[in-house]
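Engineer: One predicted model, sequence on top.
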Amino acid sequence: MQIYLPIAEVSVNAFLLLGLGGIVGILSGMFGVGGGFLMTPLLFFIGIPPAVAVATEANQIVASSFSGVLAHFRRKTVDLRMGTVLLIGGLVGAALGVLVFNYLRSLGQVDLLVKLCYVVFLGVIGGMMFFESLRAIRKSRSGAKTATRKKHGIAHKLPFKMRFRTSGLYISVIPPLLIGVAVGILAAIMGVGGGFIMVPAMIYLLGMPTKVVVGTSLFQIIFVTAFTTLLHATTNYTVDIALAVLLLVGGVIGAQVGTRIGTRLNAEQLRILLALMVLVVCFKLGLDLLIKPSELYSIGAGGGH
Amino acid sequence: MRWLMLMFALVTGPAWAEEVVLGLSRDKVAITATFEGSDILIFGAVKRESPIQDKEPLEVVVSVSGPSRPVTVWRKERQLGIWVNSESVEVDGAPSFYAVASSAPLSEVLSEGEDLRHQITLSRAIRSSGALHGFKDTRAYTDALIRIREKQGAYKVNEGGVVFDEQTLFRTSISLPANLTEGMYLTRIFLTRGGKIVSEYDAFIDVRKVGLERWLYTLAHERPLWYGLMSLAIAIAAGWGASAIFRVLQRR
């Protein structure tokens, strides 16, 4: 069934959108990522104008994250205090990110920067997670007990310490604030929620338990993407509500299914799956930059100069 | 002899004239939520006061063009091992949709001069402000624009697509794709003889969004904050709804 999208001004198959929303929703629920880093490129592929895809995706992430976070609230796996600290950083970062984005757009080449951002970040994070999880699995197989050594990193030495009871941490608020800002900037530039960067950062940099990480990142993502949606709606008029509804119907159902799958898998398997997925997307984007495209020309909106 | 002909033409001009009487299967296209494109039948007759006197056959050219918008055409180049957009050309008036159909190959029914004046063929209809950034080869860019849009079904050339019976009745069908931009679509019908245009007739097809599509579009542009808040409300309601439904399902 074809459906005409009022803002994007293109006609697409409704079931295709429902299906895409569903698949990305499952991943979102499983890993606590918003799924934007998968959905945004997919929307480009089916011919949605990039500006509309990025803005609408932000709105859809609000829905799937909200759906996901409710399940985590019930299981008490959301660290509200940590989430709030990350959120404050995130809002500041998102505002900065929009400024950076507009500055880069005035220079041209913003497309390239976005793609390079994807390749570099996905590559580094995916690789790190993959090898880390592989090592952990090998250790547990060989029977050697993985000593849960308390990491006393930089987060313990800085001032403004705060107790994060749900995470079982007593650390400085500066690292989480900085992570929030960094993720906010990236989120605004790359048009994603930023969960795929925040989740590993929380695990490896802050030392939060994996169980709490997913719910907390979802909590933060809701507010940052809601903020982004409003910014896009009021400045660029690029939020397509019809597109959003189709994506989120699939997305929220998928997120519920995904959260339940996530609780059945163990943390290491979950991590290795996410790592593989991140690497696949990275590889595909990198390939597009390296291989000679079949059509050298492309059409952009006029008046860009 | 030629003088005589001209005199004759001047004196009896109006009686000689061949005019188009046009019919459109529809002059309004409503874009609804389930819009899947639309076929428009363009048909008509040639009205003449006296019998055909010329030896050269009359031909018909029909063009339909959507609203023009400026576009930037980018060219990719390899730099430091990766393919990046390097050079661009601004085309300051490219129609969002363009279809041209004729009763015989365009090169036969239309002279270069007439094409230049009326901008009928694809490459003429797409004006380029060219050489804006000092590049000579703007032709390659406009060609690329046509090639990409043809692949998307937005630009169409159908030589021989106009059926022309007895030098009097003509008809052709132009299919508008589902990805249509709002606006007034200019429909032009040209009668040509020996490459020269002897008559032109213009009509408009009104393409616009209706119903829910119209309402959402207007809201998004006139009350963007409310539209944004509504989008968020729908998102949160959907998220909560799905969570609640699944909880009920799981309890059973």
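Structural biologist: Now that the structure is in, tell me what you want to look at.

Engineer: For the stretch 1-150 of chain B, which residue gets nearest to chain A?
Structural biologist: For the stretch 1-150 of chain B, the residue positioned closest to chain A under CB to the nearest CB is B:Pro70, at a distance of 2.8 Å. (Glycine included, C-beta is placed from N, CA and C.)

Engineer: residue ranges for the strands of the chain, please.
Structural biologist: All of this is about chain A. Listed in chain order, the strands of chain A (DSSP state E) span A:2-4, A:11-13, A:161-164, A:169-172, A:297-301.

Engineer: The intended chain is chain B.
Structural biologist: With strands called from DSSP E, chain B shows them at B:18-24, B:28-31, B:38-48, B:58-65, B:68-79, B:82-95, B:98-102, B:155-159, B:163-165, B:169-176, B:183-193, B:196-209.

Engineer: list the helices and strands the fifth one packs on?
Structural biologist: This points to strand B:68-79. On a contact count with 3 or more CB pairs under 8 Å, 6 or more residues apart in numbering or on different chains; DSSP states H and E, strand B:68-79 meets strand A:297-301, strand B:82-95, helix B:138-151.

Engineer: coming back round to it: export the strands of chain A to CSV and append columns for mean neighbour count, mean pLDDT and distance to B:Asp92.
Structural biologist: Shown next, in CSV, are the strands of chain A (neighbours: other CB atoms under 10 Å in any protein chain shown; pLDDT from 0 to 100; distance: least, CB to CB, whole Å):
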stretch, mean neighbour count, mean pLDDT, distance to B:Asp92
strand A:2-4, 20, 81, 28
strand A:11-13, 18, 85, 27
strand A:161-164, 14, 75, 57
strand A:169-172, 18, 78, 56
strand A:297-301, 16, 74, 13
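
Engineer: Can you check which of the ones you listed gets nearest to A:Thr216?
Structural biologist: Among those, the nearest to A:Thr216 by CB to CB is strand A:161-164 (9.4 Å).

Engineer: Pairing partners for the closest one, with directions?
Structural biologist: Strands that pair with strand A:161-164, judged by DSSP bridges, come out as strand A:169-172 (antiparallel).

Engineer: Now do the strand it pairs with: distance to the chain's middle.
Structural biologist: 25 Å (CA atoms, centre = their mean, to the nearest Å).

Engineer: How about stretch B:24-37?
Structural biologist: 15 Å.

Engineer: Stretch A:273-290 too?
Structural biologist: Distance, centroid of stretch A:273-290 to centroid of chain: 15 Å (CA atoms, centre = their mean).

Engineer: Run through who's touching that stretch.
Structural biologist: Stretch A:273-290 has contacts (CB atoms under 8 Å, 6 or more residues apart in numbering or on different chains) with A:27, A:30-31, A:33, A:37-38, A:41, A:115-116, A:118-119, A:122-123, A:125-130, A:133, A:196, A:199, A:265, B:81-84.

Engineer: One more: stretch B:230-249?
Structural biologist: Contacts of stretch B:230-249 (CB under 8 Å, 6+ apart): A:59-60, A:62-68, A:70-71, A:74, A:226, A:229-230, A:233, A:239, A:241, A:244-245, A:248-249, A:252-253, A:255-256, B:219.

Engineer: Chain B contacts on the stretch 1-150 of chain A?
Structural biologist: A:1-4, A:6-7, A:9-11, A:47, A:59-60, A:62-68, A:70-71, A:74, A:108-109, A:111-112 (CB under 8 Å from any CB of the partner chain).

Engineer: who's in contact with the closest residue to A:Ser298 other than its chain neighbours?
Structural biologist: Leaving aside its sequence neighbours, A:Ser298 sits nearest to B:Trp74 (CB to CB, 6 or more residues apart in numbering or on different chains; 5.0 Å). Each residue near B:Trp74 by CB under 8 Å, 6+ apart is listed here: A:Tyr297, A:Ser298, A:Ile299, A:Gly300, B:Asn85, B:Ser86, B:Glu87, B:Ser88.

Engineer: Give the ranges of residues in the stretch 151-300 of chain A that sit below the confidence cut-off.
Structural biologist: A:151-159, A:191 (pLDDT under 70).

Engineer: in it, which spans are helices?
Structural biologist: A:154-157, A:174-190, A:195-200, A:210-235, A:241-264, A:267-290 (DSSP state H, counting those that start in this stretch).

Engineer: for those helices, which one ends up most surrounded?
Structural biologist: helix A:195-200 (a mean of 27; mean count of other CB atoms under 10 Å in any protein chain shown).

Engineer: From the contact counts, what lies against it?
Structural biologist: Using 3+ CB pairs under 8 Å, 6+ apart, helix A:195-200 sits against helix A:14-31, helix A:110-141, helix A:174-190, helix A:210-235, helix A:267-290.

Engineer: Please convert the ones you listed to JSON lines, extending it with distance to B:Val60.
Structural biologist: What follows is the helices and strands packed on helix A:195-200, written out as JSON lines (distance: least, CB to CB, whole Å):
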{"stretch": "helix A:14-31", "distance to B:Val60": "40"}
{"stretch": "helix A:110-141", "distance to B:Val60": "44"}
{"stretch": "helix A:174-190", "distance to B:Val60": "53"}
{"stretch": "helix A:210-235", "distance to B:Val60": "47"}
{"stretch": "helix A:267-290", "distance to B:Val60": "46"}
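
Engineer: Show me the one of these that comes nearest A:Leu96.
Structural biologist: Closest among the helices and strands packed on helix A:195-200, using CB to CB: helix A:174-190, at 5.4 Å.

Engineer: So which elements touch that closest one?
Structural biologist: helix A:36-45, helix A:80-107, helix A:110-141, helix A:195-200, helix A:210-235.

Engineer: For my notes, please list the ones you listed in CSV and give distance to B:Phe190 for each entry.
Structural biologist: Below are the helices and strands packed on helix A:174-190 laid out as CSV (distance: least, CB to CB, whole Å):
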stretch, distance to B:Phe190
helix A:36-45, 40
helix A:80-107, 43
helix A:110-141, 41
helix A:195-200, 57
helix A:210-235, 44
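
Engineer: B:Glu166: which of the ones you listed is closest?
Structural biologist: helix A:36-45 (50.0 Å).

Engineer: angle of that closest one against helix A:267-290?
Structural biologist: 40 degrees (axes from the mean of the first three to the mean of the last three CA atoms, to 10 degrees).
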